[in-house]
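>>> sequence and predicted structure are below.
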Amino acid sequence: MIADALGPVFLLILFGALLRRINFPGAEFWPGIERLTYYVAFPALLVHRLALADFSNADFVRFSLVICAALLLTSALAWLLKPLASRNAADFTSMFQGAIRFNTYIGLAVASALFGDPGLVIAAIAVSIMIPLANILSVLCFSLVIDGNSKTLSGVLKGLLSNPLIVACLLGVALNISGVGLGHAWIEGLLARLGAAALPLGLLAVGVALSLGTVKQDWLGIVLASVLKFAVFPALMLGLAMWLELDLLSQQVLLLLACLPTATSGYILSRQLGGNAPLMANIISAQTLLAFAVIPLWLLLV
């Protein structure tokens, strides 16, 4: 089941690399696709998912505590490793994103395949908490370390509130809490179809940017990001879930979400905000492959 969920994702990345190699449809085509994905497709996906999320079937407070604590502790450790982890600020932003971001599409697909509808409900609720926080932490990282980004409090806040992913998260949650939802079925259908384009376009863009020749020189960033992502983050998530006595299914789903490979949107963010996009692409590809082995091993523990 896990292989069935991860296989198409990795094949899409490889297909993007093939398109780049044969120069189809041309190098000038992909920057526009990246902007479309970043400013339209991914925000549409976030608004659609968060506006329709059902928060009534889980302990939202304990879920929030477990997820927020695990994300914040992993982020803090990544910052402590900053002097060791990167040659420059752009490298660090890729390592940081590789440590805390997660591939929502893979998570929901695997949760549904492994745990059925009950697991999918828990995963959707958890994702609605993780997406805004992971995006806020990622944008904050860029605002603080990349030259040219404002480092004043007002500048950081402006960067957060003008980021399309953050705006989409806030809008989706507001529509959900207010009870407005997405209104007309046409709007829901529009957002669902725009959001559906985010995964294939994002993965193809990652493949286009993938340069296997740079993997060797990027090995330190890839290794550190993957250790934080596949060892530290899942261990914290599982330990906190057990400590707060969440039920077994909730522990399994939260563990699954914690050991997912990093999100393809991290590459788009790197391209738009001045990060090391090729390193980010290599981290995404390496982690997607590693997840085939890591996810089953972690799930065996619980």
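Received it, and whenever you're ready, just let me know what you need.
>>> list the buried residues for stretch 115-127?
By 16 or more other C-beta atoms under 10 Å, the buried positions in stretch 115-127 come out as 115, 119-127. Just so you know, the C-beta spots here come from the backbone N, C-alpha and C atoms, and that holds for glycine as well.
>>> which of those residues lies closest to Gln251?
Lowest distance from Gln251 to the buried residues of stretch 115-127 (C-beta to C-beta) belongs to Ile122, with 10.0 Å.
>>> ok, back up a step: which of the buried residues of stretch 115-127 lies closest to Phe29?
For the buried residues of stretch 115-127, the residue nearest Phe29 by C-beta to C-beta is Val127; the value is 31.0 Å.
>>> Leu220 versus the closest one, what's the distance?
Separation of Val127 from Leu220 (C-beta to C-beta, to the nearest Å): 30 Å.
>>> contacts for stretch 289-298?
Contacts made with stretch 289-298 from outside it, assessed by C-beta atoms under 8 Å, 6 or more residues apart in numbering, are listed as 2-3, 6, 10, 106, 110, 226, 230, 234, 238, 255-256, 259-261.
>>> mind checking how far that stretch is from the chain centre?
For stretch 289-298, the distance from its own C-alpha centre to the chain's C-alpha centre is 17 Å (C-alpha atoms, centre = their mean, to the nearest Å).
>>> repeat that for stretch 168-178.
Distance of stretch 168-178 from the chain centroid (C-alpha atoms, centre = their mean) equals 19 Å.
>>> tell me the average confidence for it?
Here the mean pLDDT over stretch 168-178 is 86, rounded to a whole number.
>>> list the contacts of that stretch.
42-53, 55, 128, 131-132, 135, 181-182.
>>> quick check: the farthest pair among the contacts of stretch 289-298?
It's Phe10 and Leu238 that sit farthest apart of those, by C-beta to C-beta, at 25.5 Å.
>>> those two: which is more packed in?
Leu238 (22 against 19; other C-beta atoms under 10 Å).
>>> my guess is Arg49 meets Gly195, correct?
Yes. Counting by C-beta atoms under 8 Å, Arg49 sits close enough to Gly195 to count as a contact (7.3 Å).
>>> one step back: among the buried residues of stretch 115-127, which one sits closest to Leu36?
Checking the buried residues of stretch 115-127 one by one against Leu36 (C-beta to C-beta), the nearest turns out to be Val127, at 23.0 Å.
>>> ok, the closest one touching Leu257?
Yes. With contacts defined as C-beta under 8 Å, Val127 counts as touching Leu257 at a distance of 7.0 Å.
>>> what do the two both touch?
Shared between the contact lists of Val127 and Leu257 (criterion: C-beta under 8 Å, 6+ apart) are residues Gly107.
>>> got the phi/psi numbers for Glu28?
Note on Glu28: its backbone torsions stand at phi -70, psi -10 [degrees, to the nearest 10].
>>> contacting residues for Ser226?
Applying C-beta under 8 Å, 6+ apart, the residues near Ser226 are 98, 283, 286-287, 290.
>>> ignore the last one, Gln251
Gln251 makes contacts with 238, 241-242, 302, as judged by C-beta under 8 Å, 6+ apart.
>>> and Asp59, by the same measure?
Counting by C-beta under 8 Å, 6+ apart, the residues that Asp59 touches are Leu246.
>>> repeat for Gln287
Taking C-beta under 8 Å, 6+ apart as the contact definition, Gln287 lies against 98, 225-226, 229-230, 261-262.
>>> switch the cut-off to 10 Å
Residues near Gln287 by C-beta atoms under 10 Å, 6 or more residues apart in numbering: 98, 101-103, 222, 225-226, 229-230, 259-263, 294.
>>> I'd like the distance between Ile129 and Ser64.
Following C-beta to C-beta, the distance that separates Ile129 from Ser64 is 6 Å.
>>> do Trp298 as well
22 Å.
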